[in-house]
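1. from the sequence below, what's the structure:
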Amino acid sequence: MLQQLVELNEERDPDRSLKQLLYFVEFIWQLQKQELHIPSASEKVCAEAVAYIERHYAEPITIQQLAQSLRFHPDYITRCMQKTIGMSFVQYLNYYRLSKAKKWLAETNETIEAIAKRAGIEDGAYFSRLFKKIEGVTPTEYRRTVHRM
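-> Just a heads-up that it's a prediction; the model follows:
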C-alpha cells in the first residue's frame, strides 16, 4: 500500500492528488486497525459467552440459557466461539470447569466429589471420566502428581 502511494508521485494523472489522499487514508486506517484491533462481531459474542460461562460455571447451564441471556441463536454463539477460540460452548465450559477443579485439587484436600460439585458437575463419576478424558489422568492421580512437585 505504501509502495502504491509512492508510485503515484511519478504519475502525471490529474487525479493523482485525490488518489494519493485516498491511499494515504486507507494506509492510516489499516495501521490504526492493526494497532487497536477492533473486535469483530463474532469476537464480541464469544467474549460475552466466555464471560457468562466464567460467571455461571458452578451452576447447571445450557447453551439455551446462554443464548437467552445473550439474545443470540445457540448455533450462532457456537459458530462464534468455534471461530474465535476454537472451542464450542460445551468444550469451553468443560475446559473452564476443569481448570478450576485442577486448581482446587492442587490447593485443597477436598474430596473429588466436593470439587466436582463446586466446579458445577453434580456427578462425581462423570467428573472423573471427563477429567481423565481431557487431562489424561484421573483427578486423584493429578492431585498426587501435583503434590509431589
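2. tell me the first helix or strand C-terminal of the longest helix seen in the chain.
-> Identified as the longest helix of the chain according to DSSP state H is helix 16-36. Following helix 16-36 in sequence order, the next helix or strand is helix 41-56 (DSSP states H and E).
3. can I get the strand or helix carrying Lys100 in PDB, CA atoms only?
-> In this assignment (DSSP H and E), Lys100 forms part of helix 89-107. Output in PDB follows, covering the C-alpha atoms of helix 89-107 (Å, rounded to 0.1, in the frame of the first residue of the first chain):
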ATOM      1  CA  PHE A  89     -19.800 -23.900  24.300                       C
ATOM      2  CA  VAL A  90     -19.600 -27.300  25.900                       C
ATOM      3  CA  GLN A  91     -15.900 -27.600  25.300                       C
ATOM      4  CA  TYR A  92     -15.200 -24.200  26.800                       C
ATOM      5  CA  LEU A  93     -17.500 -24.900  29.700                       C
ATOM      6  CA  ASN A  94     -15.700 -28.200  30.500                       C
ATOM      7  CA  TYR A  95     -12.300 -26.600  30.000                       C
ATOM      8  CA  TYR A  96     -13.100 -23.800  32.400                       C
ATOM      9  CA  ARG A  97     -14.700 -26.100  35.000                       C
ATOM     10  CA  LEU A  98     -11.700 -28.500  34.800                       C
ATOM     11  CA  SER A  99      -9.200 -25.600  35.100                       C
ATOM     12  CA  LYS A 100     -11.000 -24.500  38.400                       C
ATOM     13  CA  ALA A 101     -11.000 -28.200  39.600                       C
ATOM     14  CA  LYS A 102      -7.300 -28.600  38.900                       C
ATOM     15  CA  LYS A 103      -6.600 -25.500  41.000                       C
ATOM     16  CA  TRP A 104      -8.700 -26.900  43.800                       C
ATOM     17  CA  LEU A 105      -7.100 -30.300  43.500                       C
ATOM     18  CA  ALA A 106      -3.700 -28.800  43.900                       C
ATOM     19  CA  GLU A 107      -4.600 -26.300  46.700                       C
END
